[in-house]
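> Predicted model and sequence below, questions to follow.
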Amino acid sequence: MPRSSDPIYLIDASVYIFRAFFSLPDSIKDSSGRSANVIYGFTDFLMRFRKVSGANRAALCFDESLTTSFRNEIDPAYKANRPEAPEDLKRQIHACKEVGKLMGFPVYASPRYEADDLIGSLAQQLRSREKGSRVCIVSTDKDLLQVLKTGDEFWNFSKDERFSGKLVPEKFGVEAHQVADLLAITGDAVDNIQGLPGIGKTTAIALLKEFKTLDGLLQNLNRLKSHKMRGAARFYDIISQNLDVLEKSRQLTLIESSLTVEKNLKQLTLRPPDLAGLEKFFQDLGIGQRLLARLSEDISPKSSKKSSKKASKKASKKASKKASKKASKARR
């Protein structure tokens, strides 16, 4: 039974969807001849995550659109440098949400808020309701470092790199709560956020170490004009001439943390995988027999009830037969 002291793993699903999209060949097809590499790779990730983490509580957070976020209202150029996902990928993303549910994960997505906002808000909800709660963010996205507190963790699952919130300054040069301000000053090419011209990361870090926050810098801007910092007068001019850019950039880089993503936090408990449902899903898809065989071996003996164990044996038996038939087609 999960306890409130158990860490909650907040998973940035899109990272692992796109990892599968770019790393696995599109020769992995379903029974209709459509690409299924993303579905296969994402399912593999979920299986490995459950086995390695031993998590009792988790949430999968998805991005739904590049063009309908509230940030696009602030700046239409936000993420406009990214191509729209092809229809084939959109179809597979939708299927990945279904796989996530069948694998026992609570799944969250919003057309207005990004996965980062859902993760930041879930973390805040947990902290406000459970004293001493701990969060582990599973992602590769540096923006999410701003969500971390000292006792939390950041886990790049693919590289097996894991560090605590107190090590953010060592990894990124600023405290976790300064990350959004740092990105506002420097901009973020990945998200097409402008930032200030002529001020790079090293200078931005120095400014935040001196003034603590972006607000602190702006409130004491006149001090910067005559500051002993090398280039201070030039930095003063750049900031003074680009206050509107800086404010817009800060609105884009700051993760929303005030949403009520889940009213009942008990819903964040991981359930045993629905082996019968997964078997039907992959049977209909025409792939995944090896995944089902692994799942029945790795997860169901530890987490399933008697009914799930029976379904596991059935799935394993059918998977073996189907794997043999599919071997000649060299499907994963």
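Right, received. Where do you want to start?
> Which positions in stretch 128-143 come out as buried?
133, 134, 135, 136, 137, 138, 139, 140, 141, 142, 143 (16 or more other C-beta atoms under 10 Å). Where C-beta positions appear, they are placed from N, C-alpha and C, glycine not excepted.
> And the fifth one, its phi and psi?
When you say that, I think you mean residue 137. With angles defined as degrees, to the nearest 10, residue 137 sits at phi -90, psi 120.
> my read: it touches residue 146, true?
No - assessed by C-beta atoms under 8 Å, residue 137 is found out of contact with residue 146, at 10.3 Å.
> what sits against the residue of the chain most remote from its centre?
Computed with C-alpha atoms, centre = their mean, the residue of the chain farthest from its C-alpha average is residue 226, at 42.1 Å. In this structure, residue 226 makes contact with 232, 233, judged by C-beta atoms under 8 Å, 6 or more residues apart in numbering.
> tell me the pLDDT at it?
pLDDT for residue 226: 87.
> Report the separation between it and residue 236.
Separation of residue 226 from residue 236 (C-beta to C-beta, to the nearest Å): 9 Å.
> cool, and residue 205?
According to C-beta to C-beta, residue 205 stands 17 Å off from residue 236.
> now swap in residue 71 and tell me
As judged by C-beta to C-beta, residue 71 and residue 236 stand 29 Å apart.
> Give me the neighbour count for the residue lying closest to residue 24 once chain neighbours are set aside.
Spatial nearest neighbour of residue 24, chain neighbours left out: residue 37 (3.9 Å); criterion: C-beta to C-beta, 6 or more residues apart in numbering. Residues lying near residue 37 (other C-beta atoms under 10 Å) number 22.
> wait, doesn't residue 37 sit right on residue 26?
Yes - with contact defined as C-beta under 8 Å, residue 37 counts as touching residue 26 (5.4 Å).
> How about the secondary structure of residue 61?
Classification of residue 61 using DSSP: H, G, I helix; E, B strand; the rest coil returns strand.
> now do residue 39
Following three-state DSSP, the label given to residue 39 is helix.
> and it, how many residues sit next to it?
Counted with other C-beta under 10 Å, residue 39 comes out at 29.
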